[in-house]
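# Coordinates only, no sequence provided:
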């Protein structure tokens, strides 16, 4: 039992690190970023005084507050507190990953695409590890769960709508303030289409849920 609990914490920590580096990789490719970080990344370009990680923390807090409002204050305290608390290390990890990858700036378009694909694989691995650990819910996932609960729709369907909406909002922000689609590009679409599929592949080749 102790070994399993330790494995849970290890998987969770490794998952968060993978997600953070995956987001950083897709961003460094210069072809947009992943859907969940599209709005924070766009805001960091519009208001560069705050880092991408800081904007992600603020965005996560906004998502949690929206969850509380949607559930009319009936959201269990442990749920929203845990989501708020996990927002900070995720934001810090993304900033750390962006700093570590700062020397890496792919110029050739094929290399940019390969970087996006690598980022998708790393994000998917991180997501699978976090799901397998079953210790926490990230604000982005928690928000989708609450929306699905309130609307009575499936989690997968609401996820697609949520990701699409965030991408559109980020695109509008970039067009209004930057007059270009900087935060949202083909890399964002690739991530939206591939990450979920790659998570399913990891679930087949790495049956961690049985080990934990």
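Thanks, I have it. Predicted model only: the values in this text are computed from it and were never measured.

# Report the central residue of this structure.
residue 36 (4.5 Å; CA atoms, centre = their mean).

# list the contacts for that one?
23, 140, 163, 166 (CB atoms under 8 Å, 6 or more residues apart in numbering). (Each C-beta comes from the backbone N, C-alpha and C, glycine too.)

# repeat that with 6 Å
Applying CB atoms under 6 Å, 6 or more residues apart in numbering to residue 36 gives the contacts residue 140.

# Show residues contacting the helix or strand hosting residue 202.
Applying DSSP states H and E as the criterion places residue 202 in helix 186-205. Contacts with helix 186-205, where a contact means CB under 6 Å, 6+ apart, come from 26, 29, 31-32, 34-35, 38, 116, 120-121, 123-125, 127-128, 163, 167.

# got it, and stretch 48-55?
With contact meaning CB under 6 Å, 6+ apart, stretch 48-55 is reached by 40, 41, 43, 44, 91, 92, 94, 95.

# Quick check: the fifth one touching residue 60?
In this case it means residue 91. No. Counting by CB atoms under 6 Å, residue 91 stays clear of residue 60, with 7.4 Å between them.

# residue ranges with poor pLDDT in this protein?
1-3, 208-212 (pLDDT under 70).

# longest single helix anywhere in it?
helix 2-28 (DSSP state H).

# any idea where the helices of this structure begin and end?
Using DSSP H, helices in the chain cover 2-28, 35-46, 52-70, 77-100, 109-133, 139-151, 155-177, 186-205, 208-211.

# Mean neighbour count, those helices: which tops it?
Of all those, helix 35-46 has the most neighbours on average by mean count of other CB atoms under 10 Å, namely a mean of 25.

# that older thread, report all helices and strands that the longest helix of the chain contacts.
helix 77-100, helix 109-133 (3 or more CB pairs under 6 Å, 6 or more residues apart in numbering; DSSP states H and E).

# CSV for these, including distance to residue 190?
Below are the helices and strands packed on helix 2-28 laid out as CSV (distance: least, CB to CB, whole Å):
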stretch, distance to residue 190
helix 77-100, 19
helix 109-133, 5
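
# Of all the ones you listed, which one is nearest residue 154?
Each of the helices and strands packed on helix 2-28 has some distance to residue 154 by CB to CB; the shortest is helix 109-133, at 16.8 Å.
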